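J.: pasting the structure only:
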C-alpha cells in the first residue's frame with residue numbers, strides 16, 4: 001500500500017484499532033445487550049468486508065486500511081456524545097414499546113463526524129494506495 005507501511009504494519013494498525021474500538025464501545029454502552037452488540041461489530045465487519053474486498057480486487061493492506069478507518073470512525077462519532085447516546089439506549093431498552101426521540105446535537109455530531117472521517121479516508125487514499 002505504501003512504501004512505508006507493509007502488510008504486517010497494517011495488521012498491527014488494524015489490531016490496535018480493534019482494541020481501541022472494543023475498549024471504547026465497552027466503556028460507552030450502558031447495558032450488557034448494547035455492549036454485546038457493539039463488541040461483535042468487528043466480527044460482522046470482517047464477514048462483510050472480506051468478500052467485498054475480494055470482489056473488488058483490493059489487497060490485504062487496502063482491506064485493513066478500510067477496516068481500521070471504519071473502527072476509528074465509530075470511536076470518533078461516539079465518544080463526544082457517549083453520555084447522551086448511552087442514556088437514549090438505556091431508555092429505549094427500558095421502554096421498547098416507545099420510540100425514544102433522537103437527540104439533535106448527537107445526530108448532527110454523528111452525521112458530521114462520519115462525513116468528515118469518510119472525506120479524510122478518501123483524501124488519504126492516494127498517499128497510502
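T.: Right, received. Where do you want to start? Here the structure is a predicted model, which means the values were calculated and not measured.

J.: ok, for residue 22, nearest residue in space, not its chain neighbours?
T.: Among residues not flanking residue 22 along the chain, residue 39 sits closest, at 5.8 Å (CB to CB, 6 or more residues apart in numbering). (Glycine included, C-beta is placed from N, CA and C.)

J.: before we move on, what about residue 118?
T.: Excluding its sequence neighbours, the residue lying closest to residue 118 (CB to CB, 6+ apart) is residue 73, at 7.4 Å.

J.: how many residues are close by residue 35?
T.: Applying other CB atoms under 10 Å, we find 16 residues neighbouring residue 35.

J.: coming back round to it: relative to residue 99, how far out is the residue nearest to residue 22?
T.: Computed with CB to CB, to the nearest Å, the distance linking residue 39 and residue 99 is 25 Å.

J.: quick one: the residue nearest to residue 118 and residue 114 touch, right?
T.: Yes: Residue 73 lies in contact with residue 114 (CB atoms under 8 Å); the separation is 6.2 Å.
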